[in-house]
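Asks: pasting the sequence and the predicted coordinates here, then a few questions.
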Amino acid sequence: MSPVRLTTRMKILAPQLDRHVVTAVLVTHDGARWLPETLKALLTQSHPIDRLVAADTGSTDAGPAMLSEVVGAGNLLTLPAGTRYADAIRETVAHPASNIAVPAPEGGSGADRVEWIWLLHDDSAPAPDALERLLRTAENHGPAMILGPKLRDWEDRRVLLEAGIAIDRTGRRETGLDPQEFDQGQHDTIREVMAVSTAGMLVRRDVWDELGGLDPSFGLFRDDVDFGWRAYAAGHRVLIAPDAVVFHAEAATRGERQVAYSADDRRSALLVLFANLPLSALALSLPFNVVASLVRAAFFAASRRPGAAGGELAALRGALFRAPRLRRARRPGLTASGVNRFQPRWPTLRRLPDVFTGHRIPLPSAEPGVLARWLRRPGVLMTLALALVALVAERSLLATGGRLGGGALVPAWGGASDLWAEYLTGWHPAGLGSGTGAPPYAGVLAVLATPLLGKPWLAVLVVLLAGVPLAGLTAYTAARRLRGIGVTVAVWAGVTYALLPVATGAIATGRVGTVVVLVLLPLIGVFGGDMLREPSRHAAWAAALLLTVAMAFAPLTWLVAVLVGVPARYALGGHRPYAGRRLAIALGLPPLLLLPWTLRLLAHPAEFLDEAGLRAALARPAAAHLVMLSPGGPGTPAFWVTAGLAVTGLAALLLPRRRTVVLTGWLLALAGLLVAILVLARPAWPGVALTFAAAGVVLAASGMLRGALVRLRAPDLLPRAAALLALVAAASTPVLAAAMWILHGVHGPLFRPNPEAFPLVVESHVTKPRMLVLSGRPGGSVAATVLRDRSPLPGEESVPAPDAARRHLRAAVAGLTSGTGGASALTRLGVGYVLVPNPGRDPLAATLDATPDLTRLGRTSRFGLWQPVTPAGRLMLLSGRTVTPLAADATDAKVRIPPGTAGRTLLLAEPADGGWHATIDGHPARARTLDGWAQAYDVPASGGAFTLHRGMLLRHLWVAAQGLALLVVALLALPSGEWIERPRGRRRRGGHARPRDLPVLSGAET
Amino acid sequence: MSAGSAFARVRTALGPAARAAFRFGRAVLRAAFRLVRATTRTVLAFAARLSSAETRPQWMNRLPGNRFALAALVVLALVALYGVASFARPAASAPRRSVAVPVTSAYAACPDTHGARVSAVTPPGSRGPGKAWVAGTPTVLTTPGTSWSADVTKNAGPWTFGAYGSLAPGLTVEQTTSDGGLAGTRCLQPTADLWFAGPGPGDAHDVGLYLTNVDDRPVTAMVAALSPEGSIETPEGQNYVQVNPHSTRLVQVGVQVEGFGEAAAGTKLIALHVHAITGRIAAAVRVQRKKGADWLPATVPGDQVVVPGVPSGNGHRRLLIAVPGRDEVGVSVQGLSKDGAFAPTGERTLQAPALAVTPFDLGLGGKAAALRLVSNRPIVAAIVADEGDDFAVTAATPPLGATGHGEQITQGGGIGLVADDRDKTTLLLTAPGPAAVVRLTQIMAQGPTGTAQDVKVPAGRTVEVAMPPPAGADDYGLTIVVRPGSGPVYAARLLKIKKRGLTVLPVPPARMFALLPPVADVPLP
């Protein structure tokens, strides 16, 4: 074999470079795509390569042929498939072709010759002057033994991939660069780095031999980092030469090359650490990484990626198993301490921004900023526009300055902690008292309020304000998932859906439940569709989770979902055997997750029609309004606003294409309308049913709009005119709805509640008397409310006292207001004050004035306040006709009962539901029920220390189980499966699938 | 087998007619069963035919593919939903009705029983235990539907009747004094607002306002007075009178400071308004002239009122209209006598000045009559009838109506009760609207007499009914029940005893029921 001089060009380089002899080592595997350019780049280097040796590891493409033609058959090693990169390099370097003598240049002596090895991949093409600059840097910067070029992207040659690499304390590879960072010279300093990639790494041959080349223990990954580390350990330096550029395709990382099991990467990373760290550092790193690996494995297992979890454990095991041998060979503790200056600190924190900017966003090539690119997405633009419309339209709500009440909305007094306490507690000291569990929407509200500065009112305001834009976003997302809908139609669907009369009406009347359902329904639909399509079951869990939240706010959602879902399973998913199981998960789980509350729903089925909040005044929409999807009442526009939508939806029925979408939409619409009519007959708010119906009509209409868009460019006039007409009709609905909403604003029953509307301070007495608020209503009826020392929280409106107690209250109030009974019945309800708002307008004030055993305490224009002659409290000692209130806490009590006569009774003005535990002097008190509802205890003549306690263990257990179940379902609902097995990232044009064979090329590709 | 033998036994046990009935019933049952079975089979067969593509009509198979047919179907469904929505729309959730319950306790405060005959009566019909009593005397009544009366000679003074249970509904107590002119009044249930109109201190020897507090706590009453010249002011501004628990306070109008002192001393006519600031109060006003006396009947303002019970006779009749409001009121007056409606005053419309009590002379032609007054604002109306030395005062009262249902109470119905009747009792019944039939039943101490008298009151007329005394007694109670199908009836009792004078008592509906309003317990006020 003859020495390979590949070029005989005149040397115009600086003469001292002539003493460098460079052996380029190229390893290929199925790299025919990149090979021509790589080879061309190698052959046209400004500093000629002295020897070029290539190795092919079982390629099945045209690569070997190409190589042998260029480098000559003698310079091509053919290795079996499956040879590791490190081994391939080792073989190649040891090959005779790499050791052929190179004649000394003219005028130079052979004595100062330096031998170099230049490692290259088949998908890395050096710039023409890359080698020259590498050598120049080597020449100018002292005893650098290992040099690396700057790596830029193969396709987009401005994108910087690497300029030196490091490994952090968790084993993660760290380049110090942002994803998709453009090279503007910002990293162009010649500096020491921990390691350089094997793509373009230039190593002095003697150092290479001293270090023993790359370590094959690392398999695919991290051999470069290990090599750098060992170089430092041996007292050498690794330099980055940023003026030398190599363009790298990173084929293995991006999935264009099938690589073997991904856990290799993790194992190699751990192995690098375990093999090279000095003993003192290892003592910290080892337990830390073991725990981190176990946590990761647990997370993978929880998110149902058992492969990934197993891989993680296998990687840990492999690293632990192999590290001792490597350490024995290297004795790292003596020399390796200089490396840790390259290790980034707080790697997880530093990576945090990446999580949000996201590696996976496909970035268009020309935009500079992440934010600007994000803002240009149509979905984002639409959401922002909707947010603007909502802000302008809901200006009156903003003007009230925060906390809202009225309509169906219970003013959210207190903080998130109060809501949490309310949800957790087994006893609600509100009204007459109730042991019923709080409705689950209070828990959801607490979850929402906690990050919002702990302010539930802010959570309510955010739901009301952000409901419309969020509904638009979810509807847009759902529409994008429909095949062949297109962005424009999806935006139309989003805007139309978000501005439905149901949405504006629900906001105006403070019906948070409908707003939440409006936002969640498209997502539930998306996951419902995924349930039928995707191989993984996570969509079913996700649908179940969302349906749970929606049901918590409006239980009717679940009923309609069952009504729609069961037929849909047979109509759309009939041939899929798993559809039934998934449907069972999605529909069966919500009632189970909300369990203590579901039982109450089943016991009182009418409550299925109620929503979060109060039963607000109901408008009775005319039939035309209802058919036009309007629930009527405040905030709903004129009924013809949605005419365009209806017309478009009906026209869609006449199109021959997209029959499934259109028919599904209409069936949904008809079912929703039917349910809405039935709900109205109850009567109850038909918002949820109308939301389903409206979603159906929007779905049907969007099925046809795409066709109309296409036909706008039809050659004939008639289809063009028809398409234009349809588009105008469709566009009229959102435009008109937005205009009317902005014009009219939110005029409804919402107002800013006055925290001092009721002088509840008078109740902060140690005996905890209650206040009875009475107000006359049209038609002669009377509304009665028992208040304790604070206004009711959201959720407490749905925990009524037992019926017996309520009957007793109603009878007492009827007796009081009709003049037949006095105030003594109130005393036994614990009522110490009677209040009538607006006494000037309410005839009840005169009635109360005329009641002999009520004393008027005061009267202003806002309220009149009376006090029964007999004092009252939460805990009262009844001795004959004498009533003595005793001190009590909000729930429990501890009080000393004075001795007295026998036959005394201790009346606890709370419903006797078996949940109270009382002792007198440590002995259980004899309990009985007084007045048919109240808890009472017999008091011995000697009196004694009375303690009262409410058992809440059961409720706490329920809530804990519920939280745990929700957590598990949430984990199961996470998208599962892909770790590195199916890499996400850019797919290049022309990328072709390859059989799953063993990897060869790797290097620093992670 | 055993079933068959049981049938046989049943058959033999029944007579032939019963057997035939049994057979007929069996045949009917069998036919019904067959009909149901046939229908079910037909429906099932039809469903089976439709469910298979081979057997169902061809056009049905083509339907899903035919987009026009589907569009038509959807439109049809929408129209059907529209129809359902427009017809099945529920009425607004019907407001719950008030419930009428019999009152369970009643009080009646007789202001001054000195030398009076005190009579009490309750209507028959109530059930259950009950009792009516006066403090210091044995139990007065124990059975509903009985009457009681006593001429008070000792322990005179204010008497307060109490009743509970079955004796409370409709408890009616009256007191009638006859010294210095016949004067009777109803012993009032305590309440918050009462109006009186009649001769003032300038036209009388003594005008006494009796305020009774039957409860355990002191009551403060505000007393306001109107004279023909306008509102009577006291130096202190508003005039408050405190009444101690379980006591009666007498305020001499025109004499005491609480009775407006000198400011009211000269007024010939007076209208008094008693308002309990807190609690409730029973009030009565006695006007004593040199000769003749009467109690002023309590009334309340209204804008369509009827004053019943103007006695026949040639004495002076004066209509007093007191206007509590701050605007002048136009009042149209119509007289209703046994001959029909007539105009008792010169003008059709009277103008009554604001915040004053104004007299209008009436020309009734000596006939017994009632007056119907319609005004644009609330007024208080009373009539002073001078007859010989004595005088009588009657005032507007609510009508009696057909009873039987609690809900009618809301429209001012109910039966009338008169406790003090003697052989000189005359009832004046007026039906301003449709004709009415009124059943009068006398109630003795032992209970109702067996006979009842039905009286027809023609539409728009007044009828005088002289009640014959039942055998063996000259004092009895009376129930006035308006028969179903009748219009409202206004009633008054006239008691006219020679040498003693006369007194008139308007008869309001007895307080039988209390209306319990529907109560909603709402979680948030």
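Replies: Alright, I've got the coordinates.
Asks: surely residue B:286 is in contact with residue B:184?
Replies: No: assessed by C-beta atoms under 8 Å, residue B:286 is found out of contact with residue B:184, at 10.8 Å. To be clear about C-beta, it is placed using only N, CA and C from the backbone, and glycine gets the same treatment.
Asks: domain assignment for chain A?
Replies: A:17-354, A:379-412+A:467-511+A:621-748, A:760-868, A:875-953 (automatic domain parsing).
Asks: could you give the mean pLDDT of the longest strand anywhere in chain A?
Replies: Determined from DSSP state E, the single longest strand within chain A is strand A:237-248. Mean pLDDT, strand A:237-248: 88.
Asks: and what of stretch A:479-490?
Replies: 86.
Asks: and it, end to end?
Replies: 5 Å (C-alpha to C-alpha, to the nearest Å).
Asks: residue ranges in the stretch 1-150 of chain A under the pLDDT threshold?
Replies: For the stretch 1-150 of chain A, applying pLDDT under 70 flags the ranges A:1-16, A:104-111.
Asks: these two touch, right, residue A:899 and residue A:943?
Replies: Yes: between residue A:899 and residue A:943 there is a contact under C-beta under 8 Å: 4.2 Å.
Asks: of these two, which one has the most company?
Replies: residue A:943 (16 against 11; other C-beta atoms under 10 Å in any protein chain shown).
Asks: please look at the more buried one and residue A:900 and confirm they touch.
Replies: Yes: counting by C-beta under 8 Å, residue A:943 does reach residue A:900; the two are 6.4 Å apart.
Asks: domains of chain B?
Replies: Following automatic domain parsing, one finds the domains of chain B at B:2-87, B:301-396.
Asks: for residue A:754, find the nearest of those.
Replies: domain B:301-396 (33.3 Å; C-beta to C-beta).
Asks: state the number of residues packed around residue 401.
Replies: Since no chain was named, I'll use chain A. Applying other C-beta under 10 Å, I find that residue A:401 has 9 neighbouring residues.
Asks: I was thinking of chain B, sorry if that wasn't clear
Replies: 22.
Asks: that one and residue B:310: what is the separation?
Replies: 22 Å (C-beta to C-beta, to the nearest Å).
Asks: go on, residue A:170?
Replies: Applying C-beta to C-beta to residue A:170 and residue B:310 gives a distance of 108 Å.
Asks: which one of those two is surrounded by more residues?
Replies: residue B:310 (30 against 18).
Asks: re the thing from before, residue B:286 and residue B:184 - which one has more neighbours?
Replies: Higher neighbour count among residue B:286 and residue B:184: residue B:184, with 25 against 21, using other C-beta under 10 Å.
Asks: excluding chain neighbours, what is closest to that one?
Replies: residue B:176 (3.7 Å; C-beta to C-beta, 6 or more residues apart in numbering or on different chains).
Asks: can I assume that neighbour sits in a strand?
Replies: Yes: secondary structure of residue B:176 (DSSP: H, G, I helix; E, B strand; the rest coil): part of a strand.
Asks: where does pLDDT dip in the chain?
Replies: Just so you know, I chose chain A. Low-confidence segments of chain A (pLDDT under 70): A:1-16, A:104-111, A:219-220, A:251-262, A:303-304, A:331-340, A:344-370, A:573-575, A:763-764, A:975-1006.
Asks: my bad, the chain I had in mind was chain B
Replies: B:1-4, B:11, B:51-53, B:60-65, B:89-95, B:136, B:235-237, B:402-413.
Asks: and the longest strand belonging to it, what's buried?
Replies: For chain B, the longest strand by residue count, based on DSSP E, is strand B:369-387. The neighbour-count check on strand B:369-387 (16 or more other C-beta atoms under 10 Å in any protein chain shown) flags B:369-373, B:375, B:377-387 as buried.
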